[in-house]
Every structure is written in structure tokens, then in C-alpha cells.
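Enquirer: mind folding the following:
(2 chains)
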Amino acid sequence: MAKFLLYRILQAIFVVIVVTLIVSFAIRLTGDPAVMLAQGAGSITEADLARIREALGLNQSFLAQYIGFLRGLVVGDFGRSFMGGTPVSDLIGRALPATLALAFASLFVSIVVSIPLGIKAAVSRGRWPDQMIRIFSLIGLSFPNFWLAIMLVLLLSITFNLLPPSGMEGFSSFIMPAATMGIILTATNVRLVRTTMLDTLRSQYIMVARAKGLSNNVVLYKHALRNCSIPLITYFGLQFGGLLGGIVVVERVFNWPGLGTLAFEAVSARDYPVLQGVITVLSLMIISINLLVDIAYGLVDPRVRKE
Amino acid sequence: MQRTKRILNSAIAGVALSVALSASAQAGTLTIASPQDPGTWDPIDTFLVNWASVATNIFDGLTYRGPDLELVPGLATEWEELDDGTRIRFTLREGVTFHNDEAFNAEAVKFTFDRLLGDEGAQGPQRSNYTAIESVEVIDDYTVDFHLNEPDPVLLTKLAGYGAMIVPPEYLAEHGDDHFNTHPVGTGPFKVVEYNPREDVQLEAFAEHWGGAPKLDGVTYRFISEPSTAVAELQSGRVDIVIPPTIPIGMIDTINNHDEASIVSVPSPTVEAIRFNTQSGITADERVRKAMIMAVDRQAIIDSILAGEGEMIASFQGAQSFGNDPEMEPLPFDPQQARQLLDEAGVEPGATVQIDVRGNDATFGEVAQVVASYLQGVGITASIQPYETNVLLNDIIPAGRTGEMFQQKWGGWTFDFDNTAYLMYHTGERWNPYDSDAELDEMLEAQRSITDQDEREELLQAIARYTQDRALEMPLYSINALYGVRDRVQSFEPAPDNRMRLTDVDVAD
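Expert: Next up is the predicted model:
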């Protein structure tokens, strides 16, 4: 286990270096932030620009800047935003909980809905509940999330004035963004649960369990669901990673103060340190989630634990 | 199943509860949606108009300019130009305190400008606007002399905003620059009580303000960059005012059709033009440029695409700009004469031009298409090339890599044609990648050293006519600043430059 963890940590370091190197390099191709900061200031001279670049540390070579970034990273210092000089760690510290909360809420919505529906579809395979669930899942899959988000706002905020259209202020502001993400995830997850469940239900131990005379619910939820859980956990885990990255559009529509909004604004403002920081944190999280998924296998499956 | 039902029930109860709790607007406080968080409130750090829309309530300058655009006393009660305009003596207002009870005096003024022109200022974008100031000398507690390197005819206006806002020396010495960025202290009518980066900034009335206590108890600015989200907040009543530049033309009707909100508009300093590559291609010929301007019915564009929220311009400035000549007419819409001019210039039907535009500017995208179809009418085929805005502004235009024509949107808060003309037409400036005209350069330089304002206005008007004679750009229109305002907001006066003081604004409940 120790060897496995060490290997994983080395792998994580390598991935972070590659990812940040690509991001740092790519964002510098978008142009000069000093010009962005200065435009609108009226007359601006090359000397002014040079002073601003120096203040931002942009007069150094790319390699020097990147090494500086890595050095800061080791002690948890992501540098300062070009827009106003707020420490990037402060910005991420504010945005990360908001994104995590929304991602958890969305995943929760989708799991709570998709597992019972998926099982229902599997046991009534080919009959009308299955057909209905599959049609609804197809409809859910076909919604673009920004469209769904805007429709929800129009209906629930503007027409009926029930929910706040944006921001993060308490439980009510979670409903629409979590539902938007959740509905789309559910559509995929229902199909996954159904397929996995169908496979499991065909296996011999299920027949044995039924032959023993166990009740239908015990067979389904105790034996079948537990065996389904390995592929499902893998999938939900990876989905959570994907969620963190894919949440940008929904965050923007709902003005959610999360990492997506932060990254989006950093790209448009050429705010290198903020973007580098957000991407580093995201990649670290995705790496950790993969690790947790591996560990979770062991918890649900004794076979993996013994290996 | 029983459990699921219970979870579902408690979730529904939760929704009902939170709906009941989300009381919309609070009495005595105003909520404003602003499209951008400047990230810092220090006046020397930023040039953003959305910094100014908040900060004009936190800070004061020596002079003040309200929505009527008249310069009036601010922290200085009077001023006098001495030594041929190279020295200005200011008499300061007595009995003014900063939000932290620190006294405002001549030392604070000197400190502010030493800081702006010194090392701290050098790291930010504001300094270059104030380089005419050589030094500030304290004469006594309430008198200061500004020594100038050269006369700056726009200086008094510049002292009313941005980098010239007076900051508290003791507070800065005690807490440092970083703290000041997020916990600003000024002498303005509102003080900052809480700032949540990228989310909101909350202000509270400063009852001791020298101009009288504000009517509101407090103001919250929420940062919402997505226009449709800001408008949804306005419709649902959780935001009272949406400030520019947020509301797109296409949403005007949505807001005006709402029972409790409407659009309030005011002419802004922002003007749009399609500028020409005067160096190469068919647009190098002055006759061709004139023909293209005459081929386009600009008034029709304003009426149909801008929903009337704009005004035709004859040169690259709006009606309120110092240097605008109300007598000067735009070139007429005359396709007949346009065709004739193209004939003279030897342009064959089917000649092509490219118009570079900002890709995210949907309204201008439509404008460009209409321009292209008018040009088609005189036998010129125009293609439209959209760029990401920052790329167009920072890489394409300054490098002279545009097509024959390119969109330029411009607006200076000083409302002085100098700011526009010098940067657009003087040889070697970043916004002038193609043209070089010695006569124009001379006029542009001359007006900078004239302190007699009437004489300077005449010269700026002459510059405007000169640019029209040479058809350096196709002037299109000045656009209105659009505010979305809930009916509960009282005594709201829209500011053309987006710097709204909220002292007299109130809310009805």
C-alpha cells in the first residue's frame, strides 16, 4: 500500500508539472497583460508598459517565471492576481468551497434520482416503465445545460419569483444550479445504472439468491446493488472530476462565485497567476479523486482488498 | 422508499422556508449590479470604469464633476492658475475627515500625489495621466501649490476622478498598500464595510460627509458579468439598478415591458467608428474613403439596430465632448455621389474590403453587416472578420495587421477631444498604425500647450474638421449609457460617465 501511494504521489507531481507547464505557456500566447491593464488609461507610453511589466514580473524569461511559480507552489503560494494584487490563494480559498458544494449537490441529486430509476428500468426491462425512463433520459441528455439553466431562471425566478436567479445565498440558491447539472448527469447515470444492473441480474449468484427464497428487495439492494457499485463508484468518481471542469457554463449563468467563474474571468483578463492557480488546484483534485476511487474499491470489494 | 419520501418532504419544506426567507429588497438600502470587480479599490491601481462607478462614492477629489459634467469644488473650495498655467494654487476645504476620523489637510493632498507619481504609482496604469504635475508644495494646512512641468488644460477635470482621489496618509502608513486595496478609506459619502472579492462590496452611509449625509443607509454592489443574469436579478427585484456597460440593446424591451422596472438612458462618451487603413488597399485613396462613408445610411443604422439609443457623429466624438463643433455636419448619405467618387478613383465594381470587428459585440456585428450591405450597393464587397476583443485591441490594431477597415470603440471619461484625437491621429501612437500627417501632428501638439480654453476649443474643432476632410474614419454614432432601474429607486440621475454619486438617491417602500 505504501509503495502504491508513493507511486501515486510521484505520478501526481509529474502530472501537475506537465499541466501547469502547458497552461503557463499557453496563456502567455494570448498576449500582454500590461497592455490590458493600461488600456483606457488615456495616453500610455512604452515606458509605462515596461514599468507595469516589471511590477508584474513579466520582464523575466518564461522559464524564470515558471520556476518562480513552481517555487511558490511548494510553499502553497500561488502568487497574486494581476487584477488588483489579491493573493491567488485567497481567491481560490473563496471559490473552491462554492464549486465543491455545487458539484456535490449536483452529484447527490443525480445519484439519488438515477439509482432507483435505473434499477426500476432494469427490473422492468422492455416493459413500459423501462421505456418511459429511457425516453426521459434521452430527453435529459439532449438538453444543453445553459439552455436548461436559462429556462429554469425564466420560469422559477422571473415568472413565479420563487428562487433567486443568481448568487450563492443559502439553500434556495442551490436548487436551480444543482438541478441543471443534476438533470443532465441523471440522464447519463440512469442508463449506466440500468446496464450495470442488467448485467448483474443475469449472474448466477443472483439466481442462487432468488432460489434461496430471499425477498426481491433484499436481492436487489443487498446483493445486486453492492456488486454493481464498483463500476458505479468509478464512474461517479470520475464524473465528479469532470463536473469540476464542466461547471463553468452553469456557474456563469448563475453568477456562482466558484472556480469556473474565476477561471473564466482570469482568461479574459489575461490574469496568468489566477488561471495557473485554478488549473493546478483542479488537476490536484482530479488526481486525488482518482486515488480515492481506487481506495474506495477496497472498501466495497473484499477481493481488491486482499490483493 | 419510506426514507426517500422523508428526504423528499424535508427538501420541499426547505424550499418553502428559504423562499419565505428571501425577502427581496431591504428598506433604505440599494442593490446595484456591476459587471466587473476591479479587484482593488486603490485609486492608483486601476483604470476600470466599474472601479469608478463604486469608488466615486468612497473617495473625493480636489474637484468634482457630477452628471451635468460641470466642474465644481470638491475637496478644494477654490483654485487659481498662476505663472502662465504652470502653477495652480488650491484652497482646501476645512473640517473634512476621512472615514477613519483622520483629518483631511494639505499633507494628505501632497501624500496622495507623491504616491501617485512615485514608486507605488509607477506600478499601476494611472500615473501617465498626471505626469504634467511636477510636484505638490504645502503652503499651509489648507493651501497647496501644484507645480507643473507644462500646462495641462485637462488637469482640473482629471483631478475629479480616478488616480487623483485623495487617500489618507496615516491609514496607509499604518496598514500598508495591500490592506488598503481591500479596505479602502476615503472622504466620500459612503464607506466600505465589507468586500467579498468577485462577489460584492457593501457600503454604508458616511453621515459626516462634507456635502451632507446620504439619504440611503447603505448600498451593495454585486458583481454580475453575464447580462442576462443581471437582468433576471433586476426583474425578480433583487437588484435595483443595473449599471452600464451591461444591458445589450436587445434587452431594452424586456426591461421596459416589466411592470416595475424601466430603462433610463443618457448620452455617454462612447463613440464608434469604422476606421480605415490609409496606407494600403483601396482605402489608401481619400476619395474611396469618402465614397464609403457616403454609401452608408448611418441614421438608419441608429434607428433600426440601436433602437434609437444613439446619435450620429460628424467626427470621432460625441455631442458633449469638448472640441465638438455642433455646426459641423456628418458627410451626407449619398450613394449616387459615392459611386461617382469610386469611378473617379478607378475602383472597379466587385472590389473587396475586410472589416475587422470585436467578435463578442453582437450589436456591432449587426451594424457591420448593414454597413457591408450598403457598401454592396455601391459595388464594394465587404467581408467581416471577427476577432476576440483583446486580440483585436492588443495585437491586431497596434501592429497594423487589420483589414482595410476596423471597428474602433472609444470613450474618454474626461469628455475632451484631446484624449481621443491625439491617440488616434498623432504619428506613432498605438491606435494610429497607418497614418502620418505632419500638419495634423502640429495641430495636436499645439492644443496641448494652450491654456486659453476658447482658443483650445477652436483648435480642437479645426482638428475634427481636418479629420473629416481627409476621411480618416467612418464616424458612426455616439451610444447612450443604458441603466436598468426599478421603480422604487427615487431621484436617480444617470451619469454619462458611469460615475454615479448616490448621495441624493433614495428608495421608496
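Enquirer: C-alpha only now, for contacts and for neighbours.
Expert: OK.
Enquirer: all strands of chain A, in order?
Expert: Taking DSSP state E as the criterion, chain A contains no strands.
Enquirer: report the central residue of it.
Expert: For chain A, the residue nearest the mean C-alpha position is residue A:244 (1.6 Å; Cα atoms, centre = their mean).
Enquirer: how close does the nearest residue to residue A:117 once chain neighbours are set aside get to residue A:133?
Expert: Of all residues not flanking residue A:117 in the chain, residue A:190 sits nearest, at 6.4 Å (Cα to Cα, 6 or more residues apart in numbering or on different chains). As judged by Cα to Cα, to the nearest Å, residue A:190 and residue A:133 stand 8 Å apart.
Enquirer: how many residues are close by the closest residue in space to the residue nearest to the centre of chain A that isn't next to it in sequence?
Expert: Closest residue to residue A:244 apart from its sequence neighbours, by Cα to Cα, 6+ apart: residue A:103 at 6.6 Å. Neighbour count for residue A:103, taken as other Cα atoms under 10 Å in any protein chain shown: 25.
Enquirer: is chain A within reach of stretch B:257-274?
Expert: No: Stretch B:257-274 is not in contact with chain A by Cα under 8 Å from any Cα of the partner chain; minimum separation 10.3 Å.
Enquirer: buried residues in that stretch?
Expert: Across stretch B:257-274, burial judged by 16 or more other Cα atoms under 10 Å in any protein chain shown covers B:261-274.
Enquirer: repeat that for stretch A:64-84.
Expert: In stretch A:64-84, counting by 16+ other Cα under 10 Å, buried: A:66, A:69, A:70, A:77, A:78, A:79, A:80, A:81, A:82, A:83, A:84.
Enquirer: shouldn't the last one be in contact with residue B:181?
Expert: Just to be clear, that refers to residue A:84. Yes: in terms of Cα atoms under 8 Å, residue A:84 counts as a neighbour of residue B:181; the distance is 7.2 Å.
Enquirer: so what sits against both of the two?
Expert: B:39, B:40, B:41 (Cα atoms under 8 Å, 6 or more residues apart in numbering or on different chains).
Enquirer: keep only the residues you listed that also lie close to chain A.
Expert: B:39, B:40, B:41.
Enquirer: from residue B:201, how far out is the second one?
Expert: Just to be clear, that refers to residue B:40. From residue B:40 to residue B:201 the distance is 11 Å (Cα to Cα).
Enquirer: more neighbours: which of these two?
Expert: Neighbour count, other Cα under 10 Å: between residue B:40 and residue B:201, residue B:40 has more, with 23 against 19.
Enquirer: how near is residue A:53 to residue B:178?
Expert: Remark: distance between residue A:53 and residue B:178 (Cα to Cα) = 19 Å.
Enquirer: who's more crowded, those two?
Expert: residue A:53 (19 against 16).
Enquirer: got phi/psi on whichever residue of the stretch 251-400 of chain B sits closest to chain A?
Expert: Here the stretch 251-400 of chain B gets closest to chain A at one residue, residue B:394, 6.8 Å apart by Cα to the nearest Cα. In terms of degrees, to the nearest 10, the main-chain angles of residue B:394 are phi -100, psi -20.
Enquirer: burial count for it?
Expert: 19.
Enquirer: okay, and the closest residue to residue B:333 other than its chain neighbours sits in which element?
Expert: The shortest distance from residue B:333 to any non-neighbouring residue, by Cα to Cα, 6+ apart, is to residue B:294 (4.6 Å). Using DSSP states H and E, residue B:294 sits within helix B:286-295.
Enquirer: what is that helix packed up against?
Expert: Judged by 3 or more Cα pairs under 8 Å, 6 or more residues apart in numbering or on different chains; DSSP states H and E, helix B:286-295 is in contact with helix B:335-344, helix B:362-377, strand B:473-486.
Enquirer: what residue ranges in chain B score low on pLDDT?
Expert: Along chain B, the model assigns pLDDT under 70 to residues B:1-27.
Enquirer: got the domain boundaries for it?
Expert: What the record gives for chain B is the domain set B:2-58+B:188-266+B:482-507, B:63-170, B:271-479, from automatic domain parsing.
Enquirer: with distance to residue A:34 added, can I get those in a markdown table?
Expert: Listed next are the domains of chain B as a markdown table, based on distance: least, Cα to Cα, whole Å:
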| stretch | distance to residue A:34 |
| --- | --- |
| domain B:2-58+B:188-266+B:482-507 | 12 |
| domain B:63-170 | 9 |
| domain B:271-479 | 10 |
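Enquirer: might you report the residue contacts of the closest residue to residue A:163 other than its chain neighbours?
Expert: In space, and not counting its chain neighbours, residue A:163 is closest to residue A:157: 5.1 Å by Cα to Cα, 6+ apart. By Cα under 8 Å, 6+ apart, residue A:157 lies in contact with A:163, A:164, A:165, B:232, B:236.
Enquirer: mind doing that once more with 10 Å?
Expert: By Cα atoms under 10 Å, 6 or more residues apart in numbering or on different chains, residue A:157 lies in contact with A:150, A:151, A:163, A:164, A:165, A:166, A:176, B:232, B:233, B:235, B:236, B:237.
Enquirer: do the same with residue B:97
Expert: By Cα under 10 Å, 6+ apart, residue B:97 lies in contact with B:103, B:104, B:105, B:168, B:186, B:187, B:188, B:208, B:209, B:210.
Enquirer: ok, now with 8 Å
Expert: Going by Cα under 8 Å, 6+ apart, residue B:97 touches B:103, B:104, B:187, B:209.
Enquirer: more crowded one of residue A:190 and residue A:133?
Expert: Between residue A:190 and residue A:133, residue A:190 has the larger neighbour count (other Cα under 10 Å), namely 27 against 20.
Enquirer: hmm, the more buried one is touching residue A:122, no?
Expert: No: in this structure residue A:190 lies outside contact range of residue A:122 using Cα under 8 Å: 9.8 Å.
Enquirer: now the closest residue to chain A within the stretch 151-300 of chain B, nearest residue through space, not along the chain?
Expert: Using Cα to the nearest Cα, residue B:236 is the residue of the stretch 151-300 of chain B that sits closest to chain A, at 5.5 Å. The shortest distance from residue B:236 to any non-neighbouring residue, by Cα to Cα, 6+ apart, is to residue A:158 (5.5 Å).
Enquirer: doesn't residue B:234 make contact with that neighbour?
Expert: No: the criterion here is Cα under 8 Å, and residue A:158 misses it with residue B:234 at 9.3 Å.
Enquirer: have a look at these two and say which one is more surrounded.
Expert: residue B:234 (27 against 21).
Enquirer: from residue B:302, how far out is the more buried one?
Expert: Noted for residue B:234: a distance of 26 Å to residue B:302, by Cα to Cα.
Enquirer: cool, residue B:487 as well?
Expert: Applying Cα to Cα to residue B:487 and residue B:302 gives a distance of 28 Å.
Enquirer: likewise for residue B:347?
Expert: With distances taken as Cα to Cα, residue B:347 is found 29 Å from residue B:302.
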